[in-house]
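Engineer: show me the folded form of this:
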Amino acid sequence: MRELPGRPDFTAARTPPLVRVVVADDNPVVRAGLTALLSGRPDITVVAEAADGREAYEASRLHRPDVILLDVRMPGVDGISALPYLVPIAPVVMLTYSGESEIVQEALRRGAGGYLVHGEFTADELVTAVRDIKNGRPRLTPTAAGALLAELRRYRGPGEALPEGLGGAIAHTATSATPQNSLIYSQSTSQVQANMGQSEHRSRLSTREAEIMDLIASGMTNQQIAAACFISEKTVKNHINRIFAKLHSTSRSEAAAKWLGTAPGPGRGLG
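Structural biologist: This next block holds a predicted model:
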């Protein structure tokens, strides 16, 4: 059928513009997982992956993404060092296991538009964060929001200016705290409690144990975990035994429930 001249393309109007993302993380398992998760959404595509800050900068210059997901600790050029070079290209959101207050504050000073700590958000919340960061709405998980508040409390004198970067982050955080903003202060009490539980459990594990626990929670078998981490199945079993002991769990499902913040704790019901 021939299109009539001047006929409006309603299909194109209904199609949301693609959010083009660069993923920078030195862990290939994390990169692959993020790429699979984000690329599975119809309005998001991962245009490049990077293993350190330098690769992130080169990929961003080449592809001009809408959003850059950036890890903090990477070999070579780390995320904090790369931030000033990446921010002029595209909005940057830190996506990391590093929740130290000093690192959060430094990332915001250097222009990060968001800071998400692994274990404090769901897959859907990450997708929402990517979309919102593109549109200038910052996203902070509870650990990062706490660091921001701690810095704010240091500057309580009348007329005392906040460090460059932090003032804007606080202002945007306050104005974007809507019922839809699930990653900032509008989180429900139960979700905040769950996130606090996740942070508590994560602090008990080593970096390798936390990585393996993430894979357990994703449903991987010991064989798949061994292949992903380039270790033997026996080593995986040893790690899991230590994880169970630290999380006071007797099964994978119990450990995963605690890890994901869905297990009932003291004072929490099953309903």
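Engineer: pLDDT score for V104?
Structural biologist: For V104, the pLDDT comes out at 90.
Engineer: meant to ask about Q223
Structural biologist: At Q223, the pLDDT recorded in the model is 83.
Engineer: ok, now the one 5 residues further on?
Structural biologist: With respect to pLDDT, A228 has a value of 68.
Engineer: where does the stretch 151-271 of the chain have low pLDDT?
Structural biologist: Within the stretch 151-271 of the chain, the stretches with pLDDT under 70 are 152-201, 228, 261-271.
Engineer: how about the strands in the stretch 1-150 of the chain?
Structural biologist: Counting by DSSP state E, counting those that start in this stretch, the stretch 1-150 of the chain has strands at residues 19-24, 44-50, 67-70, 92-96, 114-117, 139-140.
Engineer: how about these in a markdown table, adding mean neighbour count?
Structural biologist: All C-beta atoms are positioned from the backbone trio N, CA, C, and that covers glycine. Shown next, in a markdown table, are the strands of the stretch 1-150 of the chain (neighbours: other C-beta atoms under 10 Å):
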| stretch | mean neighbour count |
| --- | --- |
| strand 19-24 | 24 |
| strand 44-50 | 19 |
| strand 67-70 | 28 |
| strand 92-96 | 26 |
| strand 114-117 | 26 |
| strand 139-140 | 29 |
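Engineer: quick one: which of the ones you listed is nearest I216?
Structural biologist: Ranking the strands of the stretch 1-150 of the chain by distance to I216, with C-beta to C-beta as the measure, places strand 114-117 first at 19.1 Å.
Engineer: what strands line up against that closest one, and which way round?
Structural biologist: Strand pairing for strand 114-117, using DSSP bridges, gives strand 92-96 (parallel), strand 139-140 (parallel).
Engineer: ranking those by mean pLDDT, which is last?
Structural biologist: Among these, strand 139-140 scores lowest, at a mean of 87.
Engineer: follow-up on the earlier one: quick one: closest of the strands of the stretch 1-150 of the chain to I243.
Structural biologist: Set against I243 and scored by C-beta to C-beta, the strands of the stretch 1-150 of the chain come closest in strand 114-117, at 19.3 Å.
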